[in-house]
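Q: Any chance you can model this:
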Amino acid sequence: MKIEVEHGEKRGSHHAPFEGSAPDEVELTPLGGAPHPDGLHMLRVAFPKDTRTARHSHQGGQLIYVGAGEAIVWAEGEAEPIRLASGEAYWTQGGVVHWHGASDQSEAVLFVANLGPTDWSRATDPET
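A: I've put the predicted structure just below:
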């Protein structure tokens, strides 16, 4: 059995809208190369303290795993954002508008697995 290792290339935040105290400092690192034919796309996202994504959704859902720091996640239907510690995970159903990032207390490194394309059309909706 042969195992291939790919090293992701860090990219800036120009691929997605970010908000908060340091949106230009968000680091995106693709994991596993190009999106899989079944729509799976994995990323490592490093958020500075008090920075998050804009509102968005994923066609097939998104799994968020906190690799380091403290993250916050909000999804439509939730009254308040949820805080997640390192080692915790959160699943967002397909089509559910949500955002995620670092808390106001800590930076956060998130590993995300997106199923299907990301829809940023709700990015400018009123603040939650």
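Q: Which strand runs longest in this structure?
A: Ranked by residue count under DSSP state E, the longest strand found in the chain is strand 62-75.
Q: Now do the buried residues in the helix or strand just after that strand.
A: The C-terminal neighbour of strand 62-75 among helices and strands, as given by DSSP states H and E, is strand 82-85. For strand 82-85, the neighbour count (16 or more other C-beta atoms under 10 Å) marks Leu84 as buried. All C-beta atoms are positioned from the backbone trio N, CA, C, and that covers glycine.
Q: How about stretch 100-107?
A: 100-103, 106-107.
Q: List the residues that contact His98.
A: Shown in contact with His98 (C-beta atoms under 8 Å, 6 or more residues apart in numbering): 55-57, 62, 73-76, 92.
Q: In strands, which of the buried residues of stretch 100-107 appear?
A: Applying DSSP E to these, the entries found in strands are 100-102.
Q: can you list contacts of the longest strand of the chain?
A: Contact partners of strand 62-75, identified using C-beta under 8 Å, 6+ apart, comprise 44, 47, 52, 80-92, 96-103, 105-115, 128.
Q: what lines up beside it in the sheet?
A: strand 82-85 (antiparallel), strand 89-92 (antiparallel), strand 98-102 (antiparallel), strand 108-115 (antiparallel) (DSSP bridges).
Q: looking at the ones you listed, which is closest to Glu27?
A: When the strands paired with strand 62-75 are compared by C-beta to C-beta, strand 108-115 sits nearest Glu27, at 8.9 Å.
Q: List the pairing partners of the following helix or strand past the closest one within its sheet, with orientation.
A: Scanning forward in sequence from strand 108-115 by DSSP H and E, the next helix or strand is strand 118-119. Its sheet considered, strand 118-119 pairs with strand 57-58 (antiparallel) by DSSP bridges.
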